[in-house]
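[1] What follows is a protein structure lacking sequence information:
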């Protein structure tokens, strides 16, 4: 028996892909909420993810809206079972290790900003 969230994701994804029979959604409950694992045909993976992940992000946004209605937290994991050996997953965990990466990017950005401001101050001192 599939739940409303599984049916919801299946309906949307089946309307996007060229082989809807290969769409499968597994539902698990973990410490972060409800985890939905989406598996599609390897040829349809690009359609589900979309350019720069736009389609996948839209799916996650719709799931967030459904979660608000159902008082649940949903995570969507897109599983790549394509040719090439192991499987790859595309996930949207909010609490993964990206905060460390964000801190590095922020520090790098601050360094560039500081350097640019210093160069602008030196240019202001020039008499032209």
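    Perfect, thanks for sending it. Because the structure is a prediction, the values reported are computed rather than measured. Numbers count the residues shown, from 1 in each chain.
[2] how far does stretch 37-55 stretch from start to finish?
    16 Å (C-alpha to C-alpha, to the nearest Å).
[3] Now do it: everything it contacts.
    Residues outside stretch 37-55 that contact it (C-beta atoms under 8 Å, 6 or more residues apart in numbering) are 9, 13, 16-19, 22-28, 56-59, 76-83, 89-90. Every C-beta, even on glycine, is put in place using the N, C-alpha and C of the backbone.
[4] Now intersect these with the helices, please.
    Among the contacts of stretch 37-55, the members found in helices (DSSP state H) are 9, 13, 16, 56, 57, 58, 59.
[5] isn't the fourth one right up against residue 75?
    Which is residue 56. No: using C-beta atoms under 8 Å, residue 56 is not in contact with residue 75; the gap is 11.9 Å.
[6] what stretches of the chain score poorly on pLDDT?
    When residues are selected by pLDDT under 70, those of the chain lie in 1-2, 83-110, 125-128.
[7] now with 80?
    Residues of the chain meeting the criterion pLDDT under 80: 1-2, 81-128.
[8] May I have the distance across stretch 37-48, first residue to last?
    Taking C-alpha to C-alpha, the first and last residues of stretch 37-48 lie 13 Å apart.
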